[in-house]
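Asks: Dropping a prediction and its sequence here:
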Amino acid sequence: MKNSMKDSGAKLTPGTIIKPRAGWQFIDFRELKEYRDLLFSLALRDVKVMYAQTIMGFSWAVLQPLVQIILFTIIFGKVARVNTDGIPYVLFSSVALIPWNYISQTMTQSTQSLVTGQHLLGKIYFPRLIFPLMPVFSKLINFGISLLIVLSIMLYYRVYPTTNMLFLPLFLIMMMLVPASIGLWFSTLAIRFRDVQHLLPFSIQLLMYTAPIIYSASSIPAKYRFIYSLNPVVGIIEGFRACLLGTPIPWPYIWPGIIVGIILFISGAFYFRRMERIVVDVI
Amino acid sequence: MTERETVIKVENLSKCYRIGLKENMHDTLVKSVFNVMKSPLKNYRKYRSLYKFDNLSPNSDNNNPDIIWAIRNVSFEIKEGEIVGIIGLNGSGKSTLLKILSRITDPTNGRAEIFGKVASLLEVGTGFHHELTGRENVYLNGSILGMKKQEIDRKFDEIVSFSGVEKFIDTPVKRYSSGMRVRLAFAVAAHLEPKIVLIDEVLAVGDIQFQKKCLNKMQNIGQQGRTVLFVSHNMQTVTRLCPRTILLNNGSIVADGPSPQIVSVYMNSENATRAENRWPNLDQAPGDEVVRLCAVRVRTEEGVITETMDIRKPVYIEMEYEVLKPDFIFLVYYHVFNSDGIRIFESIENDPSWIDRPRPAGHYVSTSCIPGNFLSEGVLFISPSIRTLNPEIRRLRVNDAVAFQVIDSLDGDSARVTYIGNLGGVVRPLLKWKTRFF
């Protein structure tokens, strides 16, 4: 469907043309903008529903990352004694855990978004892109809360922000882009093949061990560094660590991932737009 | 009067589905990967075939058994402010048409153009979440239906009071009764301000009280110059609300015109329901060696056989039968059922000249007159029967032999007066009223 929206005065009403679509199309940003209220309502619904009918309510959003950080610190810091280049293990792991938690949660939900939203899919039209993009925004709330926890740990260890913080927005964007592109690629697959939902948990676990979350990227032999860094999660984690802790930003670990991430996103968008038109017919 | 603008223009719209879709789509990834490895090209083509219909034209009569045309070469235009009903049997393509116009699914061929903001109500309460409160759901549902946040802010109080669930607005919707949920959902939909509304049987839910309110609200929609496209099974609602109706059959438009006329075509298209039923071959006619039924028909005072009757006019039911053996006393009668299967009444032939009198063999036509302003609106089915009384044996009975539709008018001189909502009851007599003023 192409939208021939013409804002040519009040008299000429815009005509929406409905016809078979051909070829590859990229994201229709204009249409997406029209629907931004909806995107945020749905994201808000996500957040509200997640803690509905719990005793703890929203404090789960604080408790979950906190418990995770403590566990990781005990197991990998105290028991396994992972080399952290001299950084206290609590800090070392928590700055990596918060973007990782965001990425893994968003990835899972974004991939499942069409499956969980199929009742909406067949009943009303809005840009289908809203489905995989919804968790990208709704999970930001949890991420923000976790970030506050990490900032307080930093204060406790007297690690103060440096000029590296200026690069944080870049890594934030990458952090949102990567799970979004996975969602774009796999959400249309997930609605057709229910295998995806079984494949997803251990793919994510695998991804976690390939990223420098519990260990440091510097422990990877130099000759494998480029291949290792093609995983965009590596660059995001290392970037977060350097930005928050003020260590030098390891660009060689970051550039390959950024490029892969952008390619994944653009190709994912094209693929999604190509597949979205048949999704309703194959539910 | 100025020429009204076209707001919906549909040209040769077609949509086909490939049946056996499920077999083409592999259930598991492993299977599909295996298939891809086995025969990559074949698999690619097969997969493409699910959504590519390049070599197919809705015009050619290709007999591809996999292909089903849900709608085929549908063209029509709808002008601003028109309220148009779409009727048809199940699977005739009504819902597919609505889904294409709502942009939920793409057409395979042809095009449609819509001028103006569209709200499509394919169900009430799309996106309602049971864990959220009524208030939160109003905002969510409103934005799903295309309202901006400020617009909902502005109309919020009105929506809530229309729904009548003020007391529970901050309670999670899961604690609502289903009726309350529907009312709240419809209240949101009723406050949309689009130029064009596409509705799919949403009125089939909710209690009667609320349905009336919705019908009135919809009527107002039309009066505000809004265009409504209304898909329904309910003939009464269609004839009352929509001046124009489009009849679909097997994905194509069969008829398009004034509703009473189209409803009558629709009733005719179903074999079981027609105003006249004849058995030209006496040997195969219902009955036995004593008497056989030749025909049953529904006609007007003027003798016109018709499926649609004005509620104010008398309806003539005619039974034509052949008595084969003389000297029997007959009981000629029929039952009248409405579409809910309720037996409205039975009527026995009472012509004084034949009461308790043995009849000679021959051809008979018995006609009865159901007065105007007596039947309720809706579809009525006639089941004729004939008995002999010496001995008492039922010689024949034909269930639902003929049917006709009673249409209420809005002219103000029927029992409905000028009320446009739903009127209940199996009969609708026009009674004499007097109101004194003191």
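Replies: Done, it's in.

Asks: any low-confidence regions in the stretch 101-250 of chain A?
Replies: The model of the stretch 101-250 of chain A has no residue with pLDDT under 70.

Asks: Residues of it that sit close to chain B?
Replies: A:119-126, A:192-196, A:199 (Cβ under 8 Å from any Cβ of the partner chain). In this view, the C-beta of every residue, glycine as well, is placed from N, C-alpha and C.

Asks: Please repeat the previous calculation with a cut-off of 6 Å.
Replies: A:120, A:123, A:124, A:125, A:193, A:195 (Cβ under 6 Å from any Cβ of the partner chain).

Asks: The closest residue to residue B:427 other than its chain neighbours: what's it in contact with?
Replies: Closest residue to residue B:427 apart from its sequence neighbours, by Cβ to Cβ, 6 or more residues apart in numbering or on different chains: residue B:376 at 5.5 Å. By Cβ atoms under 6 Å, 6 or more residues apart in numbering or on different chains, residue B:376 lies in contact with B:425, B:426, B:427, B:428.

Asks: count of residues packed around the second one?
Replies: The local packing of residue B:426 (other Cβ atoms under 10 Å in any protein chain shown) involves 16 other residues.

Asks: State the helix or strand in which residue A:153 lies.
Replies: Remark: residue A:153 resides in helix A:130-156, with elements defined by DSSP states H and E.

Asks: Show the low-confidence segments of the stretch 251-400 of chain B, by residue range.
Replies: B:267-273, B:340-341.

Asks: how about a cut-off of 50?
Replies: B:271-272 (pLDDT under 50).

Asks: roughly how far apart are the residue nearest to residue B:427 and chain A?
Replies: Counting by Cβ to the nearest Cβ, to the nearest Å, the gap from residue B:376 to chain A is 34 Å.

Asks: got it, and residue B:397?
Replies: Going from residue B:397 to chain A by Cβ to the nearest Cβ gives 45 Å.

Asks: And residue B:15, by the same measure?
Replies: Using Cβ to the nearest Cβ, residue B:15 is found at 9 Å from chain A.

Asks: Contacts only, for that residue.
Replies: By Cβ under 6 Å, 6+ apart, the residues touching residue B:15 are B:70, B:71, B:96, B:107, B:108.

Asks: would you turn those residues into CSV with secondary structure and pLDDT?
Replies: Putting these into CSV (DSSP: H, G, I helix; E, B strand; the rest coil; pLDDT from 0 to 100) gives the following:
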residue, secondary structure, pLDDT
B:70, strand, 88
B:71, strand, 91
B:96, helix, 90
B:107, coil, 90
B:108, coil, 88
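
Asks: Quickly check these for the two that are furthest apart.
Replies: For the contacts of residue B:15, with distances taken as Cβ to Cβ, the pair at the greatest spread is B:96 and B:108 (10.6 Å).

Asks: Following the record's annotation, map out the domains of chain B.
Replies: Annotated domains of chain B cover B:6-15+B:71-268, B:276-407 [automatic domain parsing].

Asks: Can you tell me which of the ones you listed is packed in deepest?
Replies: Stretch with highest mean neighbour count among the domains of chain B: domain B:6-15+B:71-268 (a mean of 20; mean count of other Cβ atoms under 10 Å in any protein chain shown).
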